[in-house]
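Novice: next comes the sequence, and after it the predicted model I'd like to discuss.
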Amino acid sequence: MTLRIAALSAGALLAGFLVIGAVPSIQAQTTETQPPATSAETAYSQQDLESFVAATEKVNEIGQKWSSQIEGAEDETTAMQLRSQANAEMAAAVQEEGLTPERYREIYQAAMADPELNNRLAQIYRDAQ
């Protein structure tokens, strides 16, 4: 079974962030916007990448848990409150794995732009299965 982190990221990895809307919340916490780093600019440690994969699995579980509640919310105010709770839970899961939400997003964006990094993350994911 061949997995690319891009497919995993768009379809499964980060599904929680994308479905629940945590990416805009996390981006709002970042004061300076910079383009994602490429492998030539940043070499992520093996620990960073392993933490990213582990955090992504947790984020997906949280996203799946909350998505039906958010979609079934009676009104937008309730949906926003549920998103906020889910976002906090996701950020905590990322931090439990040793990454800040900003670092998590940075690695995600770099993996989308860098096939080599993407392949490394996919391999870590496969090895963890």
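Specialist: Here it is on my side, so go on.

Novice: make it CA atoms for all contacts and neighbour counts henceforth
Specialist: Noted.

Novice: helices of this protein, start to end?
Specialist: Ranges of helices in the chain, per DSSP state H, are 5-11, 15-20, 22-29, 46-71, 76-96, 101-113, 115-128.

Novice: give me whichever of those is most buried.
Specialist: Comparing the helices of the chain by mean neighbour count (mean count of other C-alpha atoms under 10 Å), helix 15-20 ranks first with a mean of 22.

Novice: low pLDDT regions in the chain?
Specialist: Within the chain, the ranges that satisfy pLDDT under 70 run 1-42.

Novice: so how far is residue 89 from residue 117?
Specialist: Taking C-alpha to C-alpha, to the nearest Å as the measure, residue 117 falls 27 Å from residue 89.

Novice: with residue 129 instead?
Specialist: 24 Å.

Novice: what do you get for residue 57?
Specialist: Distance, residue 57 to residue 89, using C-alpha to C-alpha: 13 Å.

Novice: residue contacts, the residue nearest to residue 73 when sequence neighbours are not counted?
Specialist: Once flanking residues are discounted, residue 73 sits nearest to residue 79: 5.3 Å by C-alpha to C-alpha, 6 or more residues apart in numbering. The neighbours of residue 79, taking C-alpha atoms under 8 Å, 6 or more residues apart in numbering as the test, are 70, 71, 73.
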